[in-house]
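In: when you get a sec, could you give me coordinates for this:
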Amino acid sequence: MEIDPAASRAVLKRERVRDAILELIEGRRPGDAIPSERALCAELGVSRPTLRAAVDQLVVAGLLVREHGRGMFVAAEKITQELVSDRQTFSVPQAAGTWTSRLLEFSTLPAGARVGRRLRISPAARIRYVARLRLVDGSPMAIEYLHVPADLVPDLTSDELENGDLYEHLGERHGIQVGEAVQSIEPTVVTRDEAGLLDVPELSPALLFERLTSDAQDRPVEYVHSIYRGDRYRIVSRLALGPRSGHASPRDGHHPGIPPGDFLPGEPVTFSTRGVVAGDLFGHGGGRGGAGPAT
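Out: Predicted structure coming up:
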């Protein structure tokens, strides 16, 4: 698949605008107004279509509310239900599928206020910023944005980001042993530029993943958010309601957002989730496979 450079630049610009608006949202209370589109365009130095695409995504995600003739307001807080009550019983399911990555951007820049809060570092601290297109058997499946403190991975290479399992690279080459990841999933739709990279129509349904990964000392080591295609990707949950006589042996593969084998393999499963890549009915490749990793 050929990547359209113009579409890639547009996606990255929209992503930066989205992050700036999220900082505004996080500094306000539900019901508070945010600046007008005209004011935001002037402040951020972007065009109205670029700003509107970012705002549209945040409206669909339920973070902003538009009121005709009044402006834009911070949406009411969402109700969150944690499905895992005991962290020690969380199990990572395995899945098949050939996942590869294609770099869209790889740079070092200041964390900024929002990412700095998540990684518990100064806004001025440097991070390694990575944008990747994720593919399954050569078919685009997700766009992923990674933020890792630069001092943890001073020698991180583009090869590590495009080949193999990033968490394995972090452990073997950078001495970072991941211990836990907290991940949220929300429905959204893709913008025109995201649609071009994911090979789907504009406004197609998608899943927004957001994940914060910590090491064994509870130190944040990675903040990621990803846009997954909704037409070929779904989440399946399994809840064990009673004791089981045996446990299925793990298979090689990946979990969406968490690499295999990091959480107590072989322990009883109270709750687990996995991603399922739906078969492509139009001959673009793929097939029923496994969960898409964010790494």
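In: going by C-alpha atoms from here, please, whenever you check contacts or count neighbours.
Out: Noted.
In: so which residues of the stretch 151-295 of the chain form helices?
Out: 158-162, 166-174, 192-198 (DSSP state H, counting those that start in this stretch).
In: do you know which of those helices lies nearest P30?
Out: helix 192-198 (28.4 Å; C-alpha to C-alpha).
In: if we can go back for a sec, could the helices of the stretch 151-295 of the chain be laid out in TSV, adding mean neighbour count?
Out: Below are the helices of the stretch 151-295 of the chain laid out as TSV (neighbours: other C-alpha atoms under 10 Å):
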stretch	mean neighbour count
helix 158-162	16
helix 166-174	16
helix 192-198	20
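In: okay, those helices in JSON lines with mean pLDDT and distance to S101 next?
Out: Shown next, in JSON lines, are the helices of the stretch 151-295 of the chain (pLDDT from 0 to 100; distance: least, C-alpha to C-alpha, whole Å):
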{"stretch": "helix 158-162", "mean pLDDT": "95", "distance to S101": "5"}
{"stretch": "helix 166-174", "mean pLDDT": "93", "distance to S101": "11"}
{"stretch": "helix 192-198", "mean pLDDT": "93", "distance to S101": "13"}
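In: nearest to L24, of the ones you listed?
Out: That would be, of the helices of the stretch 151-295 of the chain and by C-alpha to C-alpha, helix 192-198, which comes in at 23.2 Å.
In: after the helix or strand harbouring V59 comes which helix or strand?
Out: Under the criterion of DSSP states H and E, V59 resides in helix 48-60. Next helix or strand after helix 48-60 toward the C-terminus (DSSP H and E): strand 64-67.
In: what helices and strands are in contact with that next one?
Out: Other elements packing on strand 64-67 under the criterion 3 or more C-alpha pairs under 8 Å, 6 or more residues apart in numbering; DSSP states H and E are helix 48-60, strand 71-74.
In: what helices or strands is the first one leaning on?
Out: Judged by 3+ C-alpha pairs under 8 Å, 6+ apart, the packing partners of helix 48-60 are helix 5-26, helix 37-44, strand 64-67, strand 178-189.
In: what do you get if the cut-off is 6 Å, keeping everything else the same?
Out: helix 5-26 (3 or more C-alpha pairs under 6 Å, 6 or more residues apart in numbering; DSSP states H and E).
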